[in-house]
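Chemist: 3D model of this:
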Amino acid sequence: MKKKPVLEGIEKFNRISKTSNFLLSALFIFFGLICVLPVILVFMISISSEQAIAQYGYQFWPKEFAINAYKYLWEGRASIWASLKISLIVTVGGTILGLVLNTSIAYALSRKNFKFKGFFTWVIFIPMLFSGGMISFYIVVANMLGFKDNILALMLPMAVSSFYIIILRTFFTTTVPDALVESAKIDGASQLRIFTTIVLPISLPAIATVGLFLTFSYWNDWYNALLFIDNAKLVPLQAMLNRIEQDIQFLNQNVGLIGASAADVIAKLPTESVKMAIVMLVVLPIACSYPFFQKYFISGLTVGAVKE
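Modeler: Here you go, the predicted model:
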């Protein structure tokens, strides 16, 4: 008979019984369903007819299926496609720019021999407590920098964040050994080479985490477009879909002010289902990208959680 292996140390500490394993698995499945069910409900509403929604409300299985919402969006595919390209440019370009700026600042602040470390730490920390407000923000971006109707107005305001810098600084401080940096200096490596060839490869979990946060922020942003963009060719996808939703609501609220024939057409417009279809269009691309970042994202969230 084979003897059961004797577990010692950390293996014995991490061992769980079959009952506990089953209960934990069931609990995680339950929480996973809680996260997935709203997405399923939104999709089902998006393929429901307006009459069924008005009569029976929101249901997981529609009484009457219809794809009028997606047909309505498909009719405006030219403008939606143009806005999608702007969103992709802003998201990719802004994420790369944000990673370069945030990692550079965080690495400088993580070095003990950086002369102005204390001063710039306060400069980074103060915006987490106080804000200049919307008016000053608009004046700086639109008037002083001249980014009105400029795609940079969608990138630069969100490129640097105190929160991201603190995450990266913590990772650099706790994970990158000083001895490794010093040995590279002795071998004649410059600070730029140390940063690009040693620090960045080690810091992929934290960088991927911040990159994912930046991607979410840029992809879901419509507020900056509302403030700074009047040119229809520079409107990102979220702002475009928001305008479509507002136009439908405006038409439905002012049916009495237009002719009878036009009122009949407006009455047939999908309103509730279009809202949900818009949500699906916004959420689906970013949800598909998450699995590629998942491994690094989970590692990055546990920065500083384990001390040796």
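Chemist: excluding sequence neighbours, find me the nearest residue to the spatially most central residue of the chain.
Modeler: When the chain is reduced to its mean C-alpha position, the nearest residue by C-alpha atoms, centre = their mean turns out to be F216, at 1.1 Å. Nearest residue to F216, sequence neighbours excluded (C-beta to C-beta, 6 or more residues apart in numbering): I286, at 6.5 Å. Placement of C-beta: from N, CA and C, glycine included.
Chemist: and that neighbour, what is it in contact with?
Modeler: Neighbouring residues of I286 by C-beta atoms under 8 Å, 6 or more residues apart in numbering: 215-216, 219-220.
Chemist: helix, strand, or coil at the closest residue to D178 other than its chain neighbours?
Modeler: The shortest distance from D178 to any non-neighbouring residue, by C-beta to C-beta, 6+ apart, is to K112 (7.4 Å). The local conformation at K112, judged by DSSP: H, G, I helix; E, B strand; the rest coil, is coil.
Chemist: need phi/psi at K112.
Modeler: Backbone dihedrals for K112, given as degrees, to the nearest 10, come out at phi -70, psi -30.
Chemist: low-confidence ranges, the stretch 1-150 of the chain, go.
Modeler: Per-residue confidence of the stretch 1-150 of the chain (counting by pLDDT under 70) places the weak regions at 1-14.
Chemist: helix/strand/coil for the closest residue to K185 other than its chain neighbours?
Modeler: In this structure, K185 finds its nearest non-sequential neighbour in I194, 7.2 Å apart by C-beta to C-beta, 6+ apart. I194 carries the three-state label helix when classified by three-state DSSP.
Chemist: for I194, what are its contacts?
Modeler: Contact analysis of I194 by C-beta under 8 Å, 6+ apart lists 181, 184-185.
Chemist: can you pull out the helices in the stretch 1-150 of the chain?
Modeler: Remark: helices assigned in the stretch 1-150 of the chain by DSSP state H, counting those that start in this stretch are 10-14, 18-46, 50-56, 68-75, 77-110, 117-125, 134-138.
Chemist: leaving aside the residues next to it on the chain, what's closest to L227?
Modeler: In space, not counting the residues next to it along the chain, L227 is nearest to Y138; the distance is 5.9 Å by C-beta to C-beta, 6+ apart.
Chemist: for A232, see how far away the one you found is.
Modeler: In this structure, Y138 lies at 20 Å from A232, with C-beta to C-beta, to the nearest Å as the measure.
Chemist: picking up where we left off before, what is the helix or strand that contains the residue nearest to the centre of the chain packed up against?
Modeler: Of the helices and strands defined by DSSP states H and E, F216 is found in helix 204-220. Counting contacts by 3 or more C-beta pairs under 8 Å, 6 or more residues apart in numbering; DSSP states H and E, helix 204-220 packs against helix 77-110, helix 162-175, helix 272-301.
Chemist: could the ones you listed go into JSON lines alongside distance to L237?
Modeler: Shown next, in JSON lines, are the helices and strands packed on helix 204-220 (distance: least, C-beta to C-beta, whole Å):
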{"stretch": "helix 77-110", "distance to L237": "4"}
{"stretch": "helix 162-175", "distance to L237": "23"}
{"stretch": "helix 272-301", "distance to L237": "7"}
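Chemist: and of those helices, who's closest to F43?
Modeler: The closest approach between F43 and any of the helices and strands packed on helix 204-220, judged by C-beta to C-beta, belongs to helix 272-301 at 5.8 Å.
Chemist: now that closest one: average pLDDT?
Modeler: When pLDDT is averaged along helix 272-301, the result is 71.
Chemist: so that it lines up with my notes, have the first residue be 47 from now on.
Modeler: Sure, I'll start counting at 47 from here, so that last one is helix 318-347.
Chemist: and the gap between the closest residue in space to D195 that isn't next to it in sequence and L283?
Modeler: Beyond its immediate neighbours in the sequence, the residue positioned closest to D195 (C-beta to C-beta, 6+ apart) is N277, lying 4.7 Å away. Using C-beta to C-beta, N277 is found at 15 Å from L283.
Chemist: compare these two (neighbour count), which wins?
Modeler: Set side by side, N277 and L283 show unequal neighbour counts under other C-beta atoms under 10 Å, the larger going to L283 at 27 against 11.
Chemist: can you pull the contacts of that one?
Modeler: Applying C-beta under 8 Å, 6+ apart, one finds that L283 lies in contact with 126, 129-130, 132-133, 327-328.
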